[in-house]
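give me coordinates for this.
(one chain, ligands or ions: 1)
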Amino acid sequence: MEKIDEHKAFGGWQRRYTHASKVCNCDMTFALYVPPQADTQRVPVVYWLSGLTCTDENFVNKAGAQRVAAELGVAVVAPDTSPRGDDVADEDVFDMGKGAGFYVNATQAPWASHYQMYDYVVSELPALLADEFNTTLDLSREAIFGHSMGGHGALVIGLRNIDRFAAISAFSPICAPTEVPWGHKAFPKYLGDDRQAWLAYDATHLLSNADNAEALPPIRVEQGLADNFLDEQLHPHRLEEAAEQVGADVEVNRREGYDHSYFFIASFMEDHLRFLGRHLGV
Ligand SMILES: N[C@@H](CCC(=O)N[C@@H](CSC=O)C(=O)NCC(=O)O)C(=O)O
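Okay, the predicted model is just below:
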């Protein structure tokens, strides 16, 4: 692993690393904010999953998370949104291929050889963090959040690993990808035509099939009402319906006038970090 950038921020450090990923079969880059508390104690870890077209850098530069992360004493890890490199399959569109990994393990050619983002986020990256930052990060205390495609990723990963994540939150998530155009475009290509395979990556389906709602992590969703993707792609009402069906703790906050951008994310970043932090015990 190689450190490729660092900046002191709010008493901690915003850093960027690259490493060889076995599961994605390419070099991967991630960002890590380490709060000042990590000088003297191990701190909990929050994962941020970004949306379509993003790298690890959008969140770091636009979300304004560092001040509150420093105050609370949580580390924030922001991975890239897809495998990268000249031999990685791609399409000349913003919602498929590089920058659009959808946090799935692809099973179909030509995608499967690199697009293993679910395993990368759930297993390989945390294991690397545990190895490399054993004295600063406490990987027994984790939470996850994200935006849009990354909100979908956070919900799916959190709901499939309920013993791992203390809480889940999402900005403008794709709540039911098997029912909307972004999922209908990406899932057949990554996962094939069998819709059963898609359901493992659909937060609404996972939630509505949860057998013990009390064991689920609490979920908070923020949704702007001036978001141009809301009606066609995001469908927060489907997540609410599933939550009601099983009695899960899901709060959806609809915000008048806010759009899909990082201006919206930055406006509610503090609230989400405090929500996740509260469930992490900080
Ligand atoms: N270029 C696209 C829109 C791309 C876009 O809005 N990406 C969002 C995430 S959308 C869902 O995953 C984003 O976070 N962009 C990066 C940023 O820094 O704003 C189009 O033309 O529609």
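
strands of the stretch 51-200 of the chain, start to end?
All strands of the stretch 51-200 of the chain, identified by DSSP state E, counting those that start in this stretch, fall at 75-79, 137-147, 165-171.

between the ones you listed, which gets nearest to the ligand?
The ligand lies closest to strand 137-147 among the strands of the stretch 51-200 of the chain, at 5.8 Å (CB to the nearest ligand atom). For glycine as for every other residue, the C-beta is placed from the backbone atoms N, C-alpha and C.

with distance to residue 31 and mean neighbour count added, can I get the strands of the stretch 51-200 of the chain in JSON lines?
Formatted as JSON lines, the entries for these read as follows, by distance: least, CB to CB, whole Å; neighbours: other CB atoms under 10 Å:
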{"stretch": "strand 75-79", "distance to residue 31": "4", "mean neighbour count": "26"}
{"stretch": "strand 137-147", "distance to residue 31": "13", "mean neighbour count": "24"}
{"stretch": "strand 165-171", "distance to residue 31": "17", "mean neighbour count": "26"}
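
number of nearby residues for the residue in the stretch 151-282 of the chain that the ligand sits nearest to?
In the stretch 151-282 of the chain, the residue that lies nearest the ligand is residue 262 (5.1 Å; CB to the nearest ligand atom). Residues within reach of residue 262, counting by other CB atoms under 10 Å, total 20.

so it is in contact with residue 62, correct?
Yes: using CB atoms under 8 Å, residue 262 is in contact with residue 62, at 3.8 Å.

name the residues of the stretch 151-282 of the chain found near the ligand, please.
Residues of the stretch 151-282 of the chain found near the ligand (CB under 6 Å from any ligand atom) are 260-262.

could the residues you listed go into a markdown table alongside distance to residue 21, pLDDT and secondary structure?
Shown next, in a markdown table, are these (distance: CB to CB, whole Å; pLDDT from 0 to 100; DSSP: H, G, I helix; E, B strand; the rest coil):
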| residue | distance to residue 21 | pLDDT | secondary structure |
| --- | --- | --- | --- |
| 260 | 29 | 99 | coil |
| 261 | 29 | 98 | coil |
| 262 | 26 | 99 | helix |
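
of those, just say which sits nearest to residue 25.
Residue 25 has its nearest neighbour among those in residue 262, at 30.2 Å by CB to CB.
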